[in-house]
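Asker: I'll drop the sequence and a predicted model, then ask my questions.
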Amino acid sequence: MNINFNKNNDGLIPAIIQDATTKNVLMLGYMNEEAFLKTQATKLVTFFSRTKKRLWTKGEESGHLLHLVAMKLDCDNDTLLIQVTPNGPTCHKGSATCWNEENTPNYGFFSTLETTIAERVAQKNTEKSYVASLFAKGISKVAQKVGEEAVEMVIEAMDNNDALFLYESADLMFHYLMLLQAKGFTLKDIETELKKRQQ
């Protein structure tokens, strides 16, 4: 890597720390060339501490080390994106990230949809919420609905109307997320199962 450590007078560059699995940003630190080389050699993320004025391996006291997975350099050669596997919480205050957030997987809109379904179920407003009303009928009704939507999607797959196929696919996905929750599972559980099969 052709890193420009001389862009600033202090010889430091920002190092953005990202969980290699969840893709969440965990913290921001600074590296000089020595810290970078030590990180490469030990596979443990090491920074230059601006307060202690020395090299500092993250977790050297707490044991919450950051194990190096990959490093990427930005287009200006002066910022690192470091992907890691964290061993415990990253923030010195005990939270998973320095923004006091959970380091949980995020599946974009599907995660938002999972949260919305959980909220509707918890509210139990069966008059205004389709989700709540279907859950109130029990898991057999939720499962039946998934079966119906799957059949409708398969029928549309045999036709040439892509718009209807996508519509029915979305219906199936929505009801499948409901069934997962009715069984006490989430997309994370499905990801875990699929990863087992990948090995």
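Answerer: Great, that's in hand. Numbering: from 1, shown residues only.
Asker: give me the domain ranges for this structure.
Answerer: The record's domain split for the chain, according to automatic domain parsing, is 13-86, 109-198.
Asker: N103 is nearest to which of the ones you listed?
Answerer: Smallest distance to N103 across the domains of the chain (CB to CB): 5.2 Å, for domain 13-86. From N, CA and C alone the C-beta is placed, and that goes for glycine too.
Asker: follow-up on the earlier one: dump the domains of the chain to CSV, plus distance to W99, mean pLDDT and mean neighbour count.
Answerer: Below are the domains of the chain laid out as CSV (distance: least, CB to CB, whole Å; pLDDT from 0 to 100; neighbours: other CB atoms under 10 Å):
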stretch, distance to W99, mean pLDDT, mean neighbour count
domain 13-86, 8, 96, 17
domain 109-198, 17, 95, 14
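Asker: how close does the nearest residue to T79 once chain neighbours are set aside sit to E101?
Answerer: Nearest non-adjacent residue to T79, counting by CB to CB, 6 or more residues apart in numbering: P14, 5.0 Å away. Applying CB to CB, to the nearest Å, one obtains 20 Å for the distance of P14 from E101.
Asker: kindly report the same for A182.
Answerer: Between A182 and E101 the computed distance is 27 Å (CB to CB).
Asker: with N77 instead?
Answerer: With distances taken as CB to CB, N77 is found 29 Å from E101.
Asker: remind me what the longest helix along the chain packs against, helices and strands.
Answerer: Assignment by DSSP state H gives helix 162-182 as the longest helix of the chain. If you count contacts as 3 or more CB pairs under 8 Å, 6 or more residues apart in numbering; DSSP states H and E, helix 162-182 packs onto helix 109-123, helix 130-136, helix 139-157, helix 187-198.
Asker: in JSON lines: those, plus distance to P86.
Answerer: Shown next, in JSON lines, are these (distance: least, CB to CB, whole Å):
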{"stretch": "helix 109-123", "distance to P86": "20"}
{"stretch": "helix 130-136", "distance to P86": "34"}
{"stretch": "helix 139-157", "distance to P86": "36"}
{"stretch": "helix 187-198", "distance to P86": "17"}
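Asker: for the ones you listed, which one sits closest to T57?
Answerer: helix 187-198 (29.2 Å).
Asker: which outside residues touch the longest helix of the chain?
Answerer: Identification of contacts with helix 162-182 by CB atoms under 8 Å, 6 or more residues apart in numbering yields 110, 113-114, 117-118, 121, 131, 134-135, 139, 142-143, 145-146, 149-150, 152-153, 155-157, 159, 186-187, 189-190.
Asker: tell me the angle of it relative to helix 109-123?
Answerer: If you take axes from the mean of the first three to the mean of the last three CA atoms, to 10 degrees, helix 162-182 sits at 50 degrees to helix 109-123.
Asker: tell me what angle helix 162-182 forms with helix 139-157.
Answerer: Interaxial angle of helix 162-182 relative to helix 139-157 (the same axes, to 10 degrees): 160 degrees.
Asker: now helix 162-182 against helix 187-198, angle please.
Answerer: Orientation note: helix 162-182 sits at an angle of 100 degrees relative to helix 187-198 (the same axes, to 10 degrees).
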